[in-house]
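>>> here are the coordinates; sequence isn't available:
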């Protein structure tokens, strides 16, 4: 196929273009390709990437149709590819699943299992943000020789401490056993994930950064999942095709693994479609805000791990901070605030900025340089909030399900293990399905029933992941009590140090995070100090450190309901009742309730403005908005932050 090859020109009626081999249509030359995610991609992956770029363009005839008629993306022809396993999300869970699948294939002597990983970040690891101290338990199982293979785990954790902060002082606290970091490593999770991507490619996994899973494909009867569609590229803000328009592609898969991370758009859809949350507690979340600093030699203590409770948060607000001394004089500093907080005047970003002026942190950061910033919502619900893990044709893995151990402040090892277990179930199910079908039956995709992934849920319940989460199941929910922080600390101390979760009760949570928010009339405003430009910064300065970029003139991916009056309704309620909460909770200045006059007024003398180009994909807005009318969808693939050292 030559580089000038075009997709077929007809657009009516809609039909599917099959591409069963490595020749399929979806790479955008202007975005980083596989080579940018790995310096040494496999030859097979490189050839697929080259083929990928050959048929992504659309013909003049199609563009003429699209511009002369009302454009409907559902009528556009889309190239399709049939694969064995399609994994949506190139984080630790998704890549661990991909690696394990190819390992199993090699163990069985095969070489035909097609595993595709779709990653919305422009590079593998670009959207990965975490503390992060890694427990290597899952990595040891997955890649025992990871040290020899150059995994970027270079700084072991050498000391642990926990402190309680008042406004001016700090005091040592007992250290819960879950927070023991002996044998763990302080890492850049972004770099570690990029390394996992290299290992996956070396095994023959097809990793495609810059391509977001935008839509779920269901079976003809709607009772199962048969794959996903990647996002269209080249639509303008009104959803009309530009000259650069390129349709997304359909991936039809025997098994679809959703590994988008916390509060992913496809995860939410699938959970609702298949009622996966029935009998489960609502998922609860925290917002983690992080900076990386280069500090002076005299204050740098490689391997030092510190966690804090207390100031700047009040006793009613769950949260805490960390400070990890990484390699090369770098310090990771962050604050996590539970999104079940009550006061709509609270700004997580500004709480973090003023926290750095506490003497405990200021003495470390003085004369240092802030070199990176980021933020991300994380699951805090624990065992009670994990949904049913499997659905017809696939499963939820990693933070799409929610395996974070909140008291341990770690989840990467659990996410990786969940991906490995899902891979083992998928491999056995695919192998069994293939051996039980005749050749003629195997060729009929429509007639095949979706693969049953229930074995994954059973395997997870029998694993160390389940045991670990069951032991700490009551610690985070214990903070939902009239005494707040004090009651939670008292119960957690007894449970973690003595009871170890061996109790007949399980604390439940039935309230969504947004529902905890009080009206502005019920609370007091919070006055935050102005940033000094040395230790604390204005929010746009911080956003500039994320490397965030979105293509211009594309559809806004943060959406209100497509109904007349939705913008006015949102503005009226959120301004009059909640003092414009979105303008404070967002850690990237995406939302504004700007003063307006005349026809520009949406409600309450304000115009609701969405600066979607600032979005760092934290998902907080759709979690905390009291009116629950913000829908987070994927922007064009490759857009968003570019984390490298975080």
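Sure, I can see it. This is a predicted model, so every value here is computed, not measured.
>>> can you check the pLDDT for residue 104?
The confidence metric pLDDT takes the value 97 at residue 104.
>>> which residues does it contact?
By CB atoms under 8 Å, 6 or more residues apart in numbering, the residues touching residue 104 are 423, 424, 427. Using the backbone N, CA and C atoms, a C-beta is placed for each residue, glycine as well.
>>> ok, so of those residues, who is nearest residue 512?
residue 423 (32.0 Å; CB to CB).
>>> quick one: low-confidence parts of the stretch 1-150 of the chain?
Along the stretch 1-150 of the chain, segments meeting pLDDT under 70 span 1-69.
>>> least confident secondary structure element in this structure?
helix 34-37 (a mean of 32; mean pLDDT, DSSP states H and E).
>>> rewinding a little: most neighbours of all the contacts of residue 104, which one?
residue 423 (28 neighbours; other CB atoms under 10 Å).
>>> just give the nearest non-adjacent residue to it, would you?
Using CB to CB, 6 or more residues apart in numbering and skipping the chain neighbours, the partner closest in space to residue 423 is residue 100 (3.7 Å).
>>> kindly check the end-to-end length of stretch 209-218 for me.
For stretch 209-218, the first-to-last residue distance is 24 Å (CA to CA, to the nearest Å).
>>> look at the residue nearest the centre of the chain and report its pLDDT.
Among the residues of the chain, residue 261 comes closest to the average C-alpha position under CA atoms, centre = their mean, at 3.1 Å. Note on residue 261: pLDDT of 96.
>>> go ahead and confirm residue 307 touches residue 322.
Yes: Residue 307 lies in contact with residue 322 (CB atoms under 8 Å); the separation is 5.3 Å.
>>> start to end distance for stretch 341-349?
14 Å.
>>> wait, stretch 361-376
With CA to CA as the measure, the first residue of stretch 361-376 is 22 Å from its last.
>>> could I get the buried residue list for it?
Neighbour counts over stretch 361-376 (16 or more other CB atoms under 10 Å) mark 361, 364, 365, 368, 370, 372, 373, 374, 375, 376 as buried.
>>> check stretch 426-436 too.
So, applying 16+ other CB under 10 Å, buried residues of stretch 426-436: 426, 427, 429, 430, 433.
>>> among the buried residues of stretch 361-376, which are in strands?
Here DSSP state E is the test, and the buried residues of stretch 361-376 give 370, 372, 373, 374, 375, 376 as lying in strands.
>>> beta partners of the last one?
By that I understand residue 376. Going by DSSP bridges, residue 376 is paired in beta bridges with residue 288.
>>> ok, the residue lying closest to residue 472 once chain neighbours are set aside - contacts?
Closest residue in space to residue 472, ignoring its immediate chain neighbours: residue 407 at 4.8 Å, by CB to CB, 6+ apart. Residues near residue 407 by CB under 8 Å, 6+ apart: 176, 178, 179, 472, 475, 476, 492, 496.
>>> among those residues, who's most crowded?
Highest neighbour count within those, by other CB under 10 Å: residue 476, with 25 neighbours.
>>> tally of neighbours for the closest residue to it other than its chain neighbours?
Counting by CB to CB, 6+ apart, residue 476 lies nearest to residue 406, which is 4.6 Å off, once chain neighbours are set aside. Neighbours of residue 406 under the rule other CB under 10 Å: 25.
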